[in-house]
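> One predicted model, sequence on top.
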Amino acid sequence: MHKQRILVSVVGFSDVERHALNTVFRLSEERELSYALWAPLTAPGAAPMVAAAHVALVDADSAEAVLSHAKELPAGQRLIWVGSDAPAHAWRVLERPIQWASVLNELDAVFAARQVDSGFVDLDVTAPAPLGEEVEHIVSSPRRALLVGADAQESMYLRSRLALAGVVECDEVASTEAAVESIGRNRYCCGVFNLDDPQVDSWSLARLFRDRFPQALTIGTSELAGPLADWWNRRRVRNSTRRAGISILLARPLQPRELSQWMDLL
């Protein structure tokens, strides 16, 4: 299948949010449908980009957002507005805190809408379908992952990669008690446990998670699984993960290629 690319004009957002967006864009290169940051200028000698981005992603809190209220969109461009006071011509409106899985879903919808505009697909993606009493709807729960003891950078990367795998909900917990409560309350398709976190009993939690969700991916992460750890520690952590029922052991810091081969199973 020929790879498709959606160009996104990004207006505003904090450095942390832009870093998360760049992570989503970079990880999307692994899919048939990918996203790239659109810029009006290119380096000397480089091939120019298209005249307008396919979608504008606008931060309502930015100074430049006022222009999105006043100016008309280029033909075929769609506006995704993040925040309050959205203009009438906004195609989608998202609230803060930003759910990156939702952003990814809306970008996918932009591609679907472009297919409709081109006549390739007969499908209405411009608005939710009305609910009628005579129509039966089967609503499936969104797939959910549990992240235990992940630091901020690791969490951002995992959330982005899970979103690309279609896992749209993530619960982050930083204590054993909160993890036990989440495992008892929710249904998960994936659990990622930081085995190096001394504040969390990750080994027992991973065993509990595996017993409750035998079909889910149970992933442990540890610096002792990496190439800088000595042979004895690597062997010890591998044996411990097997006893705990952890099916996948990944080295920290996480490596994109190693993580991707397991995320593809979701």
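Structure's in. What do you need? Since we're looking at a predicted model, the values are computed, not measured.
> As a check, name the ranges of all strands in the protein.
4-11, 33-37, 55-59, 78-82, 92-94, 144-148, 169-173, 190-194, 217-222, 248-251 (DSSP state E).
> which strands and helices sit next to the shortest one?
Taking 3 or more CB pairs under 8 Å, 6 or more residues apart in numbering; DSSP states H and E as contact, the helices and strands that strand 92-94 lies on are strand 78-82, helix 100-117. Placement of C-beta: from N, CA and C, glycine included.
> what does the second one give?
When contacts are defined as 3+ CB pairs under 8 Å, 6+ apart, strand 33-37 packs onto strand 4-11, helix 15-28, helix 100-117.
> And for the last one?
Taking 3+ CB pairs under 8 Å, 6+ apart as contact, the helices and strands that strand 248-251 lies on are strand 217-222, helix 231-244, helix 256-263.
> Of the ones you listed, which stretch is the most buried?
Comparing the helices and strands packed on strand 248-251 by mean neighbour count (mean count of other CB atoms under 10 Å), strand 217-222 ranks first with a mean of 24.
> who does that one touch, helix- and strand-wise?
Using 3+ CB pairs under 8 Å, 6+ apart, strand 217-222 sits against strand 190-194, helix 202-212, helix 231-244, strand 248-251.
> what separates it from the chain centre, distance-wise?
Strand 217-222 sits 18 Å away from the centroid of its parent chain (CA atoms, centre = their mean, to the nearest Å).
> Strand partners (parallel or antiparallel) of that strand?
strand 190-194 (parallel), strand 248-251 (parallel) (DSSP bridges).
> With only the CA atoms kept, save it in CSV.
Presented in CSV, the C-alpha positions along strand 217-222 are these (Å, rounded to 0.1, in the frame of the first residue of the first chain):
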residue,chain,number,x,y,z
LEU,A,217,0.9,-7.6,27.2
THR,A,218,2.8,-7.5,30.5
ILE,A,219,5.9,-5.4,30.0
GLY,A,220,8.7,-4.8,32.5
THR,A,221,11.3,-2.1,32.1
SER,A,222,14.7,-1.9,33.8
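> angle of it against helix 231-244?
Note on geometry: by axes from the mean of the first three to the mean of the last three CA atoms, to 10 degrees, strand 217-222 and helix 231-244 are set 150 degrees apart in direction.
> who touches strand 217-222?
Strand 217-222 is contacted from outside by 150, 154, 189-196, 202, 206, 209-210, 237, 241, 244-252, 254, 262, 265-266, using CB atoms under 8 Å, 6 or more residues apart in numbering.
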